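Novice: kindly return the folded structure for what I paste below:
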Amino acid sequence: MNWVERLHEAYGSSRRARVLASQLAGLLPEGERASLLDVGCGDGTIDQLIALQRPELKIEGIDVLVREDAQIHVRHFDGKQIPHRDDSFDHVMFVDVLHHSDDPAGLLREGARVARKSLLIKDHRLDGLLAGPTLRLMDRIGNTRFGVALPFNYWPERRWRETFQVEGLEVLFWTQNVALYPWPLSAIFGRGLHFLARLGHLARLGHLARLEPVAKLEHVASPGEAADPARGDEQARAARSGRADEPGLP
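Specialist: The predicted model follows:
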């Protein structure tokens, strides 16, 4: 591990896991004894942190590289076909995984096939000044030493949304304000390059509307959007009804 990787480990990696675990746990229905599949789970640190907040969840993982130090049960898969039957998990999660795939849409489709209720996605937006070089640098620092494939398959927000629509998925929640890094790293590696989303099946939105309320997740104003403390409550109410408004729509 070189000095840059040590710096990332000390000031970025652990904070990233805590922040994402907290926000992802808040996107799942409160009190639901649900099953969650983490596709590309790595060592399972985020899953373990989610389980501490939501012990009623049953969490499993799959990955192309099964690590000996994995903190949850992990099954190997080929990176293309999820080795589970249709509708076998309530929720399926992709955390910074789809941009590592040669076919993000195909892997997303596999996740939708396996998920009964919703998909949770954390990934990148190829939008903004020097977005590509910045994301490639982040990927190299965070993944090279683990032997993770780096195709740098980043998409702008518009392409993400178009793909969701083509695959029959509805955006129930979206934010690009994921506070992964402290200042001043946030000015370089934050700035709207990340997004967090919850998706539902268009054909099943009636069912999703009957889900138990999700835990309240505070909304942070998008870049260029005036801060509004009421939006957190508005977002939570919308999520409870099965659909959240989407800041930053093109």
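Novice: so what's Arg85 closest to, chain neighbours aside?
Specialist: Val114 (7.6 Å; C-beta to C-beta, 6 or more residues apart in numbering). Yep, even glycine has a C-beta here, placed from its N, CA and C like the rest.
Novice: now Val64
Specialist: Gly79 (4.5 Å).
Novice: partners of Asp38 in the sheet?
Specialist: Gly61, Met93 (DSSP bridges).
Novice: neighbours around it, how many?
Specialist: Applying other C-beta atoms under 10 Å, we find 26 residues neighbouring Asp38.
Novice: for this protein, what spans make up the helices?
Specialist: 3-8, 14-26, 45-53, 104-114, 131-143, 157-166, 185-189, 205-208, 231-240 (DSSP state H).
Novice: partner strands of the longest strand seen in the chain and their direction?
Specialist: As assigned by DSSP state E, the longest strand anywhere in the chain is strand 115-124. Sheet pairing of strand 115-124 (DSSP bridges) gives strand 89-95 (parallel), strand 194-201 (antiparallel).
Novice: I'd like those strands as a markdown table, with mean neighbour count, distance to Leu119 and mean pLDDT appended.
Specialist: Putting the strands paired with strand 115-124 into a markdown table (neighbours: other C-beta atoms under 10 Å; distance: least, C-beta to C-beta, whole Å; pLDDT from 0 to 100) gives the following:
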| stretch | mean neighbour count | distance to Leu119 | mean pLDDT |
| --- | --- | --- | --- |
| strand 89-95 | 24 | 5 | 98 |
| strand 194-201 | 22 | 4 | 96 |
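Novice: which one, of the ones you listed, ends up nearest to Met138?
Specialist: Evaluated with C-beta to C-beta, those place strand 194-201 nearest to Met138, the distance being 9.6 Å.
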